[in-house]
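Colleague: Here you go, sequence then predicted model.
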Amino acid sequence: MGDNISETKKTINLKQLSKNSLKRNDKKFGRKKPRPNDCDKEVIPAPDSAAAALEQEDVGDDIPVKKIKLECKEASDKVIQDEKWVSGLTVSHKKNILDPKGWLCSDIVNYSLDIIKKQFEHIHGLQLTNFAPLFDEQTKPWKCDKKFEHIQPPSVQVHHMGRSHWVTSFQNNNNEICILDSLSKSKNQTVNTPSLEIQLSLIYGRNKTSIPIKILDSQQQENGYDCGLFAIANLVEFCFNPDYSFQTKTSFKSESMRNHLVECLENGLFTQFPQNSSQTPDITVLKHKILTINCCCSCGFQIGWMKW
């Protein structure tokens, strides 16, 4: 019934299908024999495949490709800002000076003092502002690695008074010690901070039991960022005329001070900061702003304040 069944049987060698038919190294590592299309140049996985998921993990789950490009740009901007501008200062310092809300750091102030000190050799002082003492919260006394040196008049100094604020002090040939503070009229500003008292004692108080300080009615800043600019401008004004400075009240053009400072630093030479041409009244000593620092020893600071 139906088709005839062939009695011829096809012989199959099962040994060829087993692992034993592979070479010894192939057996050990489970290597398979090559198959067609195994040597394709590129295999693009499906979006929902396991291979595609692995590629996304290599890039990072939380960092998209676009964000990586932005980070590279930020890194390049940082390199540009760290490039040298003038000796000791970088491009970021220049941007900070030109920023209307930028505070002057000690690097900018100290480099300015270095230029002015070489320019006005007859003016004493102009010491690094880093000599200001720091208060140790654990041991309580004030301490510093290096201290301000006593100087003879005419002398001038910029001080960081410990409250994110810069002021200028000077001693004229009449031995009058004065402070120029662009925030002296502020309700929240107190001139006699402990840090400033110690600095003034070290500079002007050798062999004195007390130091009378005059707080001059100097030009006031119009914001909370320009104190460093006014401190340098007042210092330069004194250096150009130490005998007759501040007999009249200054009237600096606040809108030009930042550009003028950049120009002076780039030229390595300071000129007087531009002022308005209008006449200003004589400078006066502010009422109730005469500061007297009492010293307990000849070195110019109270016992127990400082630790060397």
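Modeller: Received it, and whenever you're ready, just let me know what you need.
Colleague: Flag the shaky bits of the stretch 151-300 of the chain, pLDDT-wise.
Modeller: When the per-residue scores of the stretch 151-300 of the chain are filtered using pLDDT under 70, the ranges that remain are 187-191, 278-289, 294-300.
Colleague: neighbours of residue 292, just the number please.
Modeller: Counted with other Cβ atoms under 10 Å, residues neighbouring residue 292 total 9. Every residue, glycine included, has its C-beta placed from N, CA and C.
Colleague: now residue 219
Modeller: By the criterion of other Cβ under 10 Å, residue 219 has 20 neighbours.
Colleague: before we move on, what SS does it have?
Modeller: When states are read from DSSP: H, G, I helix; E, B strand; the rest coil, the local structure at residue 219 comes out as coil.
Colleague: can you pull the contacts of it?
Modeller: When the contact criterion is Cβ atoms under 8 Å, 6 or more residues apart in numbering, the partners of residue 219 are 182, 230, 249-252.
Colleague: Residue 125 and residue 98, how far apart?
Modeller: 28 Å (Cβ to Cβ, to the nearest Å).
Colleague: More neighbours: the two, which one.
Modeller: Taking residue 125 and residue 98 together and counting by other Cβ under 10 Å, residue 125 has the greater number of neighbours (24 against 12).
Colleague: mind listing what that one touches?
Modeller: With contacts taken as Cβ under 8 Å, 6+ apart, residue 125 has the following neighbours: 151, 155-157, 170, 203.
Colleague: So which residues of this protein form strands?
Modeller: With DSSP state E as the definition, the chain shows strands at residue ranges 84-86, 89-90, 124-125, 134-135, 142-143, 155-160, 166-171, 177-180, 210-216, 285-294, 306-307.
Colleague: looking at the ones you listed, which is closest to residue 264?
Modeller: Between residue 264 and the strands of the chain, the shortest separation by Cβ to Cβ is 10.3 Å, and it involves strand 84-86.
Colleague: Now that we have the contacts of residue 125, can you turn them into a markdown table and tack on neighbour count and distance to residue 86?
Modeller: Formatted as a markdown table, these follow (neighbours: other Cβ atoms under 10 Å; distance: Cβ to Cβ, whole Å):
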| residue | neighbour count | distance to residue 86 |
| --- | --- | --- |
| 151 | 19 | 27 |
| 155 | 21 | 26 |
| 156 | 28 | 22 |
| 157 | 24 | 23 |
| 170 | 26 | 26 |
| 203 | 25 | 28 |
